[in-house]
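Participant: I'll drop the sequence and a predicted model, then ask my questions.
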Amino acid sequence: MKVENPVALRFILQDELYLLNTDKPLYENIAVAAPIAEEATPIITEAMPIARQPEPVIAALQPEVKTLPVSFNYLGKNLKSFLVLVHYPDLEFIDEAHLTALTSIIKRKDLAVDDLAIVNLAKQVNTHYDELLKFFKPTKLLVLGNKALPQGIPPLVLNTPKSLGSFTGLYSFAFGDMMDSVDHKKAFWEQMRTL
């Protein structure tokens, strides 16, 4: 719609219009023409642009990012906060023969499988050391084999207990390596007794 007289806009547009501060000087000195009789020739004035109200700015909603709590599938009940990390790609937790050997070793320390949390890192892809600490809150850590070392763990020396802050960690051979070597079993047991 083209309006020749800006005064007519108030009759056509029922809503209130607001001018920007930069546009106000354009409208301050406009003379309003007196009503003209019908026989008179119309006065044509230059059409003034209508100041548009700025469109409301709608902030783009950012999707809320929720991190799911980390959880682990593990064997045992973690009653004594003793975390055991293993690596068995074809099994859910640990080989039966290796579990039997581990059970006989921990029995000498007055522990049972329920006192442990045995986590198969082959089934927990991209598990970070800090996630394990936050979830299990271990007082002792046993890592069986170099493939069972989680990402981000401080360097450990084979069969040498190391203080890892508020708890002690031991990195030793995997049971597959120990089952065939009496020397590996002895070295493991010597350190395990003190852990």
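Facilitator: That came in fine, so what should we check first? Numbering: from 1, shown residues only.

Participant: Just the element for residue 105, please.
Facilitator: helix 96-107 (DSSP states H and E).

Participant: Residue 123 now?
Facilitator: Assignment of secondary structure by DSSP H and E places residue 123 within no helix or strand.

Participant: Low-confidence regions, this protein specifically.
Facilitator: Residue ranges of the chain with pLDDT under 70: 1, 3, 6, 8-19, 27, 29-69.

Participant: Can you pull the domain assignment for it?
Facilitator: As recorded under automatic domain parsing, the domains making up the chain are 1-61, 74-194.

Participant: one step back: would you mind pulling the contact partners of the helix holding residue 105?
Facilitator: Helix 96-107 has contacts (C-beta atoms under 8 Å, 6 or more residues apart in numbering) with 75, 84, 86, 93-94, 112-113, 115-116, 118, 175-176, 178-179, 188-189, 192. In short, each C-beta sits where N, CA and C put it, glycine included.

Participant: just the helices in the chain please.
Facilitator: 9-12, 24-28, 96-107, 129-136, 175-178, 182-194 (DSSP state H).

Participant: okay, those helices, which one's buried deepest?
Facilitator: Comparing those by mean neighbour count (mean count of other C-beta atoms under 10 Å), helix 175-178 ranks first with a mean of 18.

Participant: okay, the domains of the chain, which one's buried deepest?
Facilitator: The most buried one of the domains of the chain (mean count of other C-beta under 10 Å) is domain 74-194, showing a mean of 16.

Participant: Span of that one from start to end?
Facilitator: Taking C-alpha to C-alpha, to the nearest Å, the first and last residues of domain 74-194 lie 25 Å apart.

Participant: for stretch 161-177, same thing?
Facilitator: Chord length of stretch 161-177, first to last residue, is 19 Å (C-alpha to C-alpha).

Participant: again with stretch 113-123
Facilitator: Distance across stretch 113-123, first residue to last, is 19 Å (C-alpha to C-alpha).

Participant: What distance do you get for the residue nearest to residue 85 when sequence neighbours are not counted to residue 186?
Facilitator: The shortest distance from residue 85 to any non-neighbouring residue, by C-beta to C-beta, 6 or more residues apart in numbering, is to residue 148 (4.3 Å). Residue 148 sits 21 Å away from residue 186, taking C-beta to C-beta, to the nearest Å as the criterion.

Participant: same deal with residue 20?
Facilitator: With C-beta to C-beta as the criterion, residue 20 and residue 186 are 86 Å apart.

Participant: swap in residue 4?
Facilitator: Residue 4 is 105 Å from residue 186, by C-beta to C-beta.

Participant: That'll do, ta.
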